[in-house]
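[1] missing the sequence, but the structure's below:
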């Protein structure tokens, strides 16, 4: 009888631990803003992140990051998940290199300006792991438009 009561007490305690510490779900949609903060939840324009790296950490695989307004949203960062970054809401830009690294991920960069790092001439999108583990090409198509 004593063992049964101990087991019941332990199970009740575990329920409180699990309920008290729920897993943090990632956002389907995240936002960046020139007035944002990377410690924000990034799940609304009012609680936007400051950088793409901060928003990527809060965004679920196959999620989307939208720019709230014009701004420079970070320097040299890596994308290792399927995601869409769309700055149609404001002229978004980044400085340096965006590294896309991961097998069989899908990355869409829309309405985004990528500037080179001052004095180095380095900037743009670098692709790593060009082939998936199943032999298929990671990068089937890379299109860009250069504005003068």
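    Structure received. The structure presented is a predicted model; accordingly, all values stated were derived computationally and were not measured. Numbers count the residues shown, from 1 in each chain.
[2] Helices of this structure, start to end?
    Secondary structure of the chain (DSSP state H): helices located at 2-20, 52-58.
[3] hey, least reliable of those by pLDDT?
    Here the helices of the chain differ in mean pLDDT, and the lowest is helix 2-20 at a mean of 49.
[4] Check whether residue 45 really touches residue 34, as I assumed.
    No. Between residue 45 and residue 34 there is no contact under CB atoms under 8 Å: 11.7 Å. Bear in mind the C-beta positions are built from the backbone N, C-alpha and C, glycine included.
[5] what residues are shared contacts of those two?
    Among the neighbours of residue 45, those also in contact with residue 34 (CB atoms under 8 Å, 6 or more residues apart in numbering) are residue 68.
[6] Lowest average confidence across helices and strands of this protein, where is it?
    In the chain, the helix or strand scored least confidently by mean pLDDT, DSSP states H and E is helix 2-20, which has a mean of 49.
[7] Tell me, please, where in the chain the pLDDT is lower than the cut-off.
    Applying pLDDT under 70 to the chain picks out residues 1-24, 116-148.
[8] Could you rerun that using 90?
    By pLDDT under 90, the low-scoring segments of the chain are 1-25, 74-77, 88-105, 109, 111-148.
[9] Quick one: the strands in it, in order.
    27-32, 59-67, 71-79, 83-86, 92-101, 107-110, 112-115, 124-128 (DSSP state E).
[10] List the buried residues of the fourth one.
    In this case it means strand 83-86. 83-85 (16 or more other CB atoms under 10 Å).
[11] go on, stretch 60-73?
    Buried, per 16+ other CB under 10 Å, within stretch 60-73: 63-69, 71, 73.
[12] Please name the residues that touch residue 84.
    Residue 84 neighbours (CB under 8 Å, 6+ apart): 63-65, 107-108, 110.
[13] CSV please, covering those and showing distance to residue 27.
    Putting the contacts of residue 84 into CSV (distance: CB to CB, whole Å) gives the following:
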residue, distance to residue 27
63, 6
64, 9
65, 9
107, 17
108, 17
110, 18
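[14] For residue 54, state which of those residues is nearest.
    Residue 54 has its nearest neighbour among the contacts of residue 84 in residue 65, at 9.8 Å by CB to CB.
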